[in-house]
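Asks: Build me a structure from this.
(one chain, ligands or ions: 1)
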Amino acid sequence: MGEVRVTGAKNSVLKLMAASLLAEGTTTLREVPDILDVEYMSELLRRLGCEVIRDTDAGSVAITVPGVPSHKADYDLVRKLRASINVLGPLLARCGQADVALPGGDNIGSRGLDMHVAGLEKLGATVRSEHGFLIATRSERLRGAMVWLDFPSVGATENLLMAAVLAQGTTVIDNAAREPEIVDICAMLTSMGARISGVGTSTLEIEGVDLLSPTDHTTVPDRLVAGTWAVAAVMTQGDVTVGNARMEHLEIALDKLTLAGAIVEAAGDGFRVRCEDRPRSVDVVTLPYPGFPTDLQPQFIALNSIAHGAAMVTENLFEARFRFVNEMVRLGADVRTDGHHAMVRGKATLSGAPVEAADIRAGAGLVLAGLVAEGVTTVYEPHHVDRGYEGFVEDLVRLGADVSRIAVAP
Ligand code: UD1
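Replies: As a prediction, this is how the structure comes out:
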């Protein structure tokens, strides 16, 4: 029981940092979470010739971009941070070339980057894959074009936005992603001088400008961290007030928690979630925003695993996310997967065990499960959680959880 405050969204701030490349001079970002991914992105920008000064107490980062940044993002950083692909659009627009190492396993045309590439080509870029790099060039200024995305990809929408703001003429991105993080980057780009209409809808229209100026922008609150705290409150039959959180960005997830038996209400600059009984299970189906977020799917599997009844969880974005189910089974959960469906039959108790976090949200889901499992749960590879959650352990302890970070011999 208690209060936690959420900082700016990881999935936004990494792109805002990339967007700073679009203007020479110093851009300041606020509500920047103190997480590993921000450190990786800072390092990437430094290698591109920027000066990056982080003030973790103030939660800000000041990025000074040179007149001509360099254009190469090396594999050692890209492999740590898939969001590095988001420097592709701004570097191509600013420098005329971008060489970005391919994130592991990806190739041109493969699932993962095909929409980024096809969209940039529509704007006049030439893109090729060479020696593990995606190399995008333009012989002249990018030209506005009509771009239809096969799927409302968050990353592709962002890359195309950042390329189109400095293109000549008007670009229309149809079937664009509508996530709050897209609205956030549009707000920042607009404050830099970009002309974008249709923000928050699936059709974005961008009228290219010649030059953008640096800006001062406050990052949108992290709806996925806020949602994780909300699930934690319900699973532990607790009472948590989440500050700096926007209920309207979590409508379906909070509605599901209400169906599970929680009371959710607005409180201060966020919301309060409490649950007095064992929760009831709830079906979820992940979809692009405003659908249920895939990044809250593992936490809801954890919730359903201790709820009354059975639930079907359908993952439509990243099937690999179900890998975490094996770890839940180690905790005694009754979960079976078939393709992109998982059937979860709730049990009265889970049983603590050593488990391994494979990604950020899986790590969060396992920690939540560990909170309610009998005995000790040890979550290995916690650096994944640190990539997305600032001060997670400290916040859990303040809320009364018995959690500690332990050093493990390599
Ligand atoms: C972002 C988020 C991630 C979130 C996801 C969906 C960041 C750093 N990450 O990831 O946490 O889970 O949005 O909300 O912001 N795809 C293609 N071709 C492409 C682009 C994407 O096939 O060119 C596929 C992907 O493989 C995936 C799906 O589309 O299956 C969704 O991807 P996308 O929306 O692009 O997610 P990311 O931007 O990678």
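Asks: Enumerate the residues of the stretch 151-300 of the chain near the ligand.
Replies: Residues of the stretch 151-300 of the chain lying near the ligand by CB under 6 Å from any ligand atom: 151, 153, 154, 155, 156, 294, 295. Every C-beta, even on glycine, is put in place using the N, C-alpha and C of the backbone.
Asks: Tabulate those (JSON lines), appending secondary structure, neighbour count and pLDDT.
Replies: Output for these, formatted as JSON lines (DSSP: H, G, I helix; E, B strand; the rest coil; neighbours: other CB atoms under 10 Å; pLDDT from 0 to 100):
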{"residue": "151", "secondary structure": "coil", "neighbour count": "12", "pLDDT": "95"}
{"residue": "153", "secondary structure": "coil", "neighbour count": "22", "pLDDT": "96"}
{"residue": "154", "secondary structure": "helix", "neighbour count": "22", "pLDDT": "96"}
{"residue": "155", "secondary structure": "helix", "neighbour count": "20", "pLDDT": "95"}
{"residue": "156", "secondary structure": "helix", "neighbour count": "27", "pLDDT": "97"}
{"residue": "294", "secondary structure": "helix", "neighbour count": "18", "pLDDT": "95"}
{"residue": "295", "secondary structure": "helix", "neighbour count": "23", "pLDDT": "96"}
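Asks: Including distance to residue 200, could the residues you listed go into a markdown table?
Replies: Below are these laid out as a markdown table (distance: CB to CB, whole Å):
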| residue | distance to residue 200 |
| --- | --- |
| 151 | 18 |
| 153 | 17 |
| 154 | 14 |
| 155 | 18 |
| 156 | 17 |
| 294 | 20 |
| 295 | 19 |
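Asks: of all the residues you listed, which comes closest to residue 323?
Replies: Nearest to residue 323 among these: residue 294, at 13.4 Å, using CB to CB.
Asks: Can you name the residues that contact that closest one?
Replies: 286, 315, 316, 317, 318, 321 (CB atoms under 8 Å, 6 or more residues apart in numbering).
Asks: now, among the residues of the stretch 151-300 of the chain next to the ligand, which is nearest to residue 74?
Replies: Set against residue 74, the nearest of those by CB to CB is residue 155 (19.2 Å).
Asks: give the contact list for that closest one.
Replies: Contact analysis of residue 155 by CB under 8 Å, 6+ apart lists 83, 85, 86, 116.
Asks: Go again with 10 Å.
Replies: Residue 155 is in contact with 11, 15, 82-83, 85-86, 88-89, 112-113, 115-116, 177, counting by CB atoms under 10 Å, 6 or more residues apart in numbering.
Asks: Considering the contacts of residue 294, which possesses the most neighbours?
Replies: Within the contacts of residue 294, residue 321 tops the neighbour count with 23 neighbours, counted by other CB atoms under 10 Å.
Asks: can I assume that residue sits in a helix?
Replies: Yes. Counting by DSSP: H, G, I helix; E, B strand; the rest coil, residue 321 is found in a helix.
Asks: Low-confidence stretches in the protein?
Replies: Residues of the chain that meet the criterion pLDDT under 70 lie in 104-111, 408-410.
Asks: now the helices: where do they sit in it?
Replies: With DSSP state H as the criterion, the chain has helices at 10-19, 36-47, 75-78, 88-95, 114-122, 154-164, 180-191, 223-235, 251-259, 297-305, 324-330, 360-372, 383-386, 392-398.
Asks: what domains does the record give for the protein?
Replies: Recorded structural domains for the chain (assignment: automatic domain parsing) are 8-208, 223-398.
Asks: Those domains into JSON lines, with extra columns for distance to residue 214?
Replies: Formatted as JSON lines, these follow (distance: least, CB to CB, whole Å):
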{"stretch": "domain 8-208", "distance to residue 214": "4"}
{"stretch": "domain 223-398", "distance to residue 214": "25"}
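Asks: isn't residue 55 right up against residue 62?
Replies: Yes. Counting by CB atoms under 10 Å, residue 55 touches residue 62, with 7.7 Å between them.
Asks: Name the residue in the two with the higher neighbour count.
Replies: Using other CB under 10 Å, the more surrounded residue of residue 55 and residue 62 is residue 62, with 17 against 12.
Asks: Quick check: bridge partners of the more buried one?
Replies: Beta-bridge pairing for residue 62 (DSSP bridges): residue 28, residue 53.
Asks: Wait, it touches residue 215, no?
Replies: No. Counting by CB under 10 Å, residue 62 stays clear of residue 215, with 11.6 Å between them.
Asks: what sits in contact with each of these two?
Replies: Here residue 62 and residue 215 have 20, 26, 27, 28, 29 as joint contacts, going by CB under 10 Å, 6+ apart.
Asks: Now do the contacts for the last one.
Replies: For residue 29, the set of contacting residues under the criterion of CB under 10 Å, 6+ apart consists of 8, 12-13, 16-17, 19-20, 38, 54, 59-63, 188, 215-219.
Asks: Could you identify the buried members of the residues you listed?
Replies: Taking 16 or more other CB atoms under 10 Å as the criterion, what is buried in these is 8, 12-13, 16-17, 19-20, 38, 54, 59-63, 188, 215, 217-219.
Asks: Wait, residue 372 touches residue 235, no?
Replies: Yes. Contact status for residue 372 versus residue 235: in contact at 5.4 Å, counting by CB under 10 Å.
Asks: quick one, which of the two is more surrounded?
Replies: Counted by other CB under 10 Å, residue 372 and residue 235 do not tie: residue 235 has more neighbours, with 23 against 20.
Asks: just checking, the more buried one touches residue 299?
Replies: Yes. When contacts are counted by CB under 10 Å, residue 235 is listed as touching residue 299 (8.5 Å).
Asks: Skip the chain neighbours and tell me the closest residue to residue 36.
Replies: Leaving aside its sequence neighbours, residue 36 sits nearest to residue 387 (CB to CB, 6 or more residues apart in numbering; 4.7 Å).
Asks: whoops, I mixed them up, residue 162
Replies: Nearest to residue 162 is residue 89, by CB to CB, 6+ apart, at 3.7 Å.
Asks: ok, the one you found touching residue 18?
Replies: Yes. In this structure, residue 89 is within contact of residue 18 by CB under 10 Å, at 7.8 Å.
Asks: What count of nearby residues applies to the spatially closest residue to residue 179 that is not a sequence neighbour?
Replies: Nearest residue to residue 179 in three dimensions, chain neighbours excluded: residue 289, at 4.2 Å (CB to CB, 6+ apart). Neighbours of residue 289 under the rule other CB under 10 Å: 19.
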